[in-house]
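**Q** Requesting a structural model of the entry that follows:
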Amino acid sequence: MELEKNVRELIEPTIIENNYILDQVIYEKEGNIQFLRIVIDKKGIVDVDDCVTVTNLINPLLDEKDLIEENYILDVCSKEKGCE
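**A** Now for the predicted structure:
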């Protein structure tokens, strides 16, 4: 999907600069709610603090570019544990 590609191009450099790996960008609807799921990885174990760190890094980028017109929930999760 074009949106997922654009989001990846926007956030991947920042994620890499901070020693994380961007595994997947998934934009999907569950019920009436849109989710932007960012799946990350790194050497070692990804924990909740890593997900919060990446959220804080990419949220301003996403807000500034405003690639997604509708309301959505940003969900950063690890490759190992998946997104919930």
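
**Q** for the protein, what spans make up the strands?
**A** 21-30, 33-41, 73-78 (DSSP state E).

**Q** now those strands as TSV including distance to T53, mean pLDDT and mean neighbour count?
**A** All C-beta atoms are positioned from the backbone trio N, CA, C, and that covers glycine. Putting the strands of the chain into TSV (distance: least, Cβ to Cβ, whole Å; pLDDT from 0 to 100; neighbours: other Cβ atoms under 10 Å) gives the following:
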stretch	distance to T53	mean pLDDT	mean neighbour count
strand 21-30	14	96	14
strand 33-41	9	97	18
strand 73-78	9	96	18
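
**Q** Output these in JSON lines, with distance to V48 appended to each entry.
**A** Output for the strands of the chain, formatted as JSON lines (distance: least, Cβ to Cβ, whole Å):
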{"stretch": "strand 21-30", "distance to V48": "17"}
{"stretch": "strand 33-41", "distance to V48": "12"}
{"stretch": "strand 73-78", "distance to V48": "9"}
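
**Q** and N6, how many neighbours does it have?
**A** When neighbours are counted by other Cβ atoms under 10 Å, N6 registers 14.
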